[in-house]
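**Q** structure for the following, please:
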Amino acid sequence: MFLPRREDAYIPPSKIDSYLLSKTHAVGKSKAKFFRTLGFNEGNTNLLEQGLLAIARSEVVKETASLPYGTKYIIDGSLTTPNGKSVNVRTIWIIEAEDEKPRFVTAYPD
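**A** Below you'll find the model as predicted:
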């Protein structure tokens, strides 16, 4: 199974700038360390965004979970980094009950 409406998947800009790459975010700072080590930074956020969207649009859903506010989808895939490496990451997406478009929640090493 693929992510429903995967072509409409999106990542709010703040999820990358203020979360995945934030050195001070309470939850995101450990993820920032991981992604920054791979070469992602404020100057190339588009590369991280496009890589995460590519995973959502091309890989199969590994798990789903029904939640009171929507359905969560877990998708694993390979992310190409600015350093030229390929790393496996787990991405989490949600389709909220009042929205039909998959929204990015988080990503971390797989």
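
**Q** helices of this structure, start to end?
**A** 13-15, 29-37, 45-58 (DSSP state H).

**Q** average pLDDT across the shortest one?
**A** Yep, that's helix 13-15 we're talking about. For helix 13-15, mean pLDDT rounds to 93.

**Q** same thing with the longest one?
**A** Average pLDDT, helix 45-58: 97.

**Q** thinking again about what came up before, would you tell me which of the helices of the chain gets closest to Pro4?
**A** With CB to CB as the criterion, Pro4 lies closest to helix 45-58 of the helices of the chain, at 10.7 Å. Where you see a C-beta, it was placed from the backbone N, CA and C, and this is true even at glycine.

**Q** so which of the helices of the chain is the most surrounded?
**A** Ranked by mean neighbour count, the helices of the chain are led by helix 45-58 with a mean of 18 (mean count of other CB atoms under 10 Å).

**Q** related to what we said a few turns ago, including distance to Tyr108, could the helices of the chain go into TSV?
**A** Shown next, in TSV, are the helices of the chain (distance: least, CB to CB, whole Å):
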stretch	distance to Tyr108
helix 13-15	13
helix 29-37	6
helix 45-58	11
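
**Q** so for Asn88, which of the ones you listed sits nearest?
**A** Each of those has some distance to Asn88 by CB to CB; the shortest is helix 45-58, at 9.9 Å.

**Q** how far out from the middle of the chain is the closest one?
**A** 7 Å (CA atoms, centre = their mean, to the nearest Å).

**Q** so what touches that helix?
**A** Residues outside helix 45-58 that contact it (CB atoms under 8 Å, 6 or more residues apart in numbering) are 3, 6-7, 9-11, 13, 16-17, 20-21, 35, 40, 75-82, 89, 91, 93, 102, 104, 107.
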